[in-house]
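Asks: Quick one, what's the 3D model for this:
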Amino acid sequence: MSSLRRIASSRVNGRRSKGPATASGKLRSSQNALRHGLLARCLVLDDESPEAFQSVLAHHIERIQPVDSLELGLVEEMVAAWWRTRRSWAIETQMLCEAAGDPASPPAPISRIAAAFKSLAESPALPLMHRYETRLHMIYQRALHNLLLLRAAIPNDPSPISEHPLLPAGDASPSPIP
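Replies: Below you'll find the predicted structure:
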């Protein structure tokens, strides 16, 4: 826990700070916490295709057919994790290509890839990529699981495909949620 003296000193120093003054300084400081973009709030980066992302989202919506905003939010969470997972695969591929392109690499293709993998595994980069990939996979799976639980626990409108009624004939009140 901070001492009262340290807290007071931090407040005084904070009042003196005016932050960056120039436009370039403000732009640079806005990216202070960004390291790689895998967990960024902005899903589609400048070098990526917004149309491709919208296509993936549309495909998920068409396939899953969310019936309300709660289900749509879970589908969007799944698509965001899916998109970021594909980005992590592209980053990993590029890292391996760069490491395999090292002039000191062996001449045989599989030997070059093995040497690239070994050198990347010794650095923190590849294990970090695998940790992010696992986390993104779990986000996707958790959102899908929650969507299925939600559909099982809360009856929704009749399916437009089967057109089955929500309630049995003559029952005017929905059953309580367990």
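Asks: Run through who's touching the helix or strand where Glu62 lies.
Replies: Secondary structure assignment for Glu62, by DSSP states H and E: helix 50-64. Contacting residues not belonging to helix 50-64 are listed as Leu43, Val44, Glu71, Leu72, Val75, Glu76, Met78, Val79, Trp82, Trp83, Leu147 [Cβ atoms under 8 Å, 6 or more residues apart in numbering]. Where you see a C-beta, it was placed from the backbone N, CA and C, and this is true even at glycine.
Asks: Have a look at this structure and report the helix or strand with the lowest mean pLDDT.
Replies: helix 23-30 (a mean of 67; mean pLDDT, DSSP states H and E).
Asks: can you point me to the longest helix in this structure?
Replies: helix 69-100 (DSSP state H).
Asks: Show me which of the contacts of helix 50-64 is closest to Ser123.
Replies: Trp83 (25.7 Å; Cβ to Cβ).
Asks: Count the residues that sit near Ala143.
Replies: 20 (other Cβ atoms under 10 Å).
Asks: Could you pull out the buried residues of whichever strand or helix holds it?
Replies: Taking DSSP H and E as the definition, Ala143 sits inside helix 125-153. Buried residues in helix 125-153, counted by 16 or more other Cβ atoms under 10 Å: 125-126, 129, 132-133, 136, 139-140, 143-144, 146-147, 150.
Asks: Of all pairs in those, which one is the farthest apart?
Replies: Between any two of those (Cβ to Cβ), the greatest distance is 37.6 Å, for Ala125 and Leu150.
Asks: got any ranges where the chain has weak pLDDT?
Replies: Within the chain, the stretches with pLDDT under 70 are 1, 26-41, 156-178.
Asks: which residues does the residue nearest the centre of it contact?
Replies: With distances taken as Cα atoms, centre = their mean, the chain has Ala81 as the residue nearest its mean C-alpha position (3.7 Å). Listed by Cβ under 8 Å, 6+ apart, the contact set of Ala81 reads Leu136, His137, Ile139, Tyr140, Ala143.
Asks: same thing with His137?
Replies: With Cβ under 8 Å, 6+ apart, His137 has these contacts: Ala81, Thr85.
Asks: Tell me how far it lies from Arg6.
Replies: 42 Å (Cβ to Cβ, to the nearest Å).
Asks: ditto for Ser105
Replies: 52 Å.
Asks: what angle separates the longest helix of the chain from helix 50-64?
Replies: Computed by axes from the mean of the first three to the mean of the last three Cα atoms, to 10 degrees, the angle separating helix 69-100 from helix 50-64 equals 130 degrees.
Asks: Can you list the buried residues in helix 69-100?
Replies: 71-72, 74-85, 87-88, 91-92, 95-96, 99-100.
Asks: Perfect, that will be all.
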